[in-house]
Structures are given as C-alpha cells and as structure tokens.
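Novice: Fold the following.
(chains A and B)
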Amino acid sequence: SQTIHQWPATLVQPVGSPLSLECTVEGTSNPNLYWYRQAAGRGLQLLFYSVGIGQISSEVPQNLSASRPQDRQFILSSKKLLLSDSGFYLCAWSPRGLDNSPLHFGNGTRLTVT
Amino acid sequence: EDKVVQSPLSLVVHEGDTVTLNCSYEVTNFRSLLWYKQEKKAPTFLFMLTSSGIEKKSGRLSSILDKKELFSILNITATQTGDSAVYLCAVDEVEYGNKLVFGAGTILRVKS
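Specialist: Numbering: from 1, shown residues only, chains lettered A, B, ... in the order given. Have a look, this model is predicted:
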C-alpha cells in the first residue's frame, strides 16, 4: 500500500532563517505531488505541484520554493523565512494519469516563525 | 473571490444529533467535488462526487451533489464525539495536474 511521510512534525524557526521540509511517498511510482499550506481557520491553499522530476509549478507568488530531486521526493524550501510563512504545511500525492482521483495527505508540518 | 464556500463555519451539537454541512462552489470546468475529514493532522478522504443526485454513503455519513445549483451537502446522522473534526470541501477543475481548491472548512464539535 502507498504511504506518505513528512518531517519534521513541528518546527520553530526565527525570522530570516532557512527552511527545508521533506516529503516522500512509498508504494507508488510517478505520483503527482503537492504542497499545501493551511493558515489557522482557513482552508488549504495550493503552493506547488509537480507531475515529474524537476517539473514544478507554482500557484502563488511567495517566499518559498519547491524541488523534486527524485520521483517520490518533494522538498519545500525557503532561503529566509518571514513571519507570514507560519502555518501548517501539508504534502499530498495522487496517482499519475488518474486525474479524477482524491489526493492523499501526509501528517503535515506545523511551522512557527518567531 | 472564493471559489468554494462552506457553511456554517463552526457547529456545536450533542451526541445523537444529525448535522448537515454545506458547500457551494463556482468553477469554470467542474470535474468533481470531494469531502475530507481533518482531525489533528492529515485530512482523510471521505467522498468524491461527480454526478448530480447520486448519494454517496458510508456508515452514518452521506453526501450528495447538485451540479445545477452548484452545491453539495454532507450529512452525519447519530453523531458521536469521534465525529468532531474540521470537514473540508474541495473542488477539482478539469485542468492538468489534478489540483484541488479547498473551502475554509466547517469545524464540528460533538458534545457528549
């Protein structure tokens, strides 16, 4: 069966520090991968999605970037964190080629920028 | 403008009550509507709806879609404390990459 792992679960970082969140998927090949952010009391906002290695689409202009160095690895990064980057970050995957299929989410990383 | 609007934003009920959660949407090329339950961490998938008028059911939960009026409802009967969660509605548009647009969610609290 397929599983998705995200780490770390929680993170407290000072303003101006770098960020790296990692997500890996097991049990499937060529997945679509996504990064969402959930602010308190808000829905999930799509940040990035990827349909293949090195293929990243950004949905909103921001202080973050994403990379997909391997088929089942998706990384969210920032060179310098802002206070507004605080939130709950969720990685998700869906099967490639099955566009009408649900997304499956990891357990998320709660980021607090101080 | 919000493409997916959920109501109510929050709800408190007692065990045994029946609740109805609402989701209205406005997208150009609708493909499907999805419901998720989020407790502490990962949203977990409940239903995917693509056709109007066909009820999807799983235990005490059921959902239906109205593509003419552009809304969906999620019903929970005989609520239990374990139903307490944030319920998220999302819409998938016909577009490359299977990207979901989420509503803000409904916070449900079931009191014993």
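Novice: nearest residue to residue B:68 other than its sequence neighbours?
Specialist: With CB to CB, 6 or more residues apart in numbering or on different chains as the criterion, residue B:68 has its nearest non-adjacent residue at 6.6 Å, and that residue is residue B:52. Backbone N, C-alpha and C define where each C-beta goes, glycine included.
Novice: whoops, residue A:49 was the one
Specialist: residue A:34 (4.7 Å).
Novice: Now the one you found: which helix or strand?
Specialist: strand A:32-38 (DSSP states H and E).
Novice: Any stretches of chain A with poor pLDDT?
Specialist: Chain A contains residues with pLDDT under 70 at A:41, A:98-99.
Novice: Okay, and the beta partners of the closest residue to residue B:3 other than its chain neighbours?
Specialist: Distances taken as CB to CB, 6+ apart put residue B:101 closest to residue B:3, at 5.1 Å, once the chain neighbours are dropped. In this entry, residue B:101 is beta-bridged to residue B:91, by DSSP bridges.
Novice: what's the burial count for residue B:101?
Specialist: Counted with other CB atoms under 10 Å in any protein chain shown, the neighbours of residue B:101 add up to 18.
Novice: Would you mind confirming that residue A:107 makes contact with residue B:39?
Specialist: No: checked against CB atoms under 8 Å, the pair residue A:107 and residue B:39 is beyond contact range at 10.7 Å.
Novice: Have a look at the two and say which one is more surrounded.
Specialist: residue A:107 (15 against 12).
Novice: which residues does that one contact?
Specialist: Residue A:107 makes contacts with A:6, A:9, B:41, B:42, as judged by CB atoms under 8 Å, 6 or more residues apart in numbering or on different chains.
Novice: what's the farthest-apart pair in the residues you listed?
Specialist: When these are compared pair by pair using CB to CB, the two farthest from each other are A:9 and B:42, 11.2 Å apart.
Novice: higher neighbour count, the two?
Specialist: The neighbour count for residue A:9 versus residue B:42, taken as other CB under 10 Å, is higher for residue B:42 (19 against 11).
Novice: excluding its backbone neighbours, what's nearest the more buried one?
Specialist: Of all residues not flanking residue B:42 in the chain, residue A:105 sits nearest, at 4.2 Å (CB to CB, 6+ apart).
Novice: Residue A:64 too?
Specialist: residue A:78 (5.1 Å).
Novice: Flag every residue of chain A that's near chain B.
Specialist: A:32, A:34, A:36, A:41-46, A:49, A:51, A:57, A:59, A:90, A:94, A:98-108 (CB under 8 Å from any CB of the partner chain).
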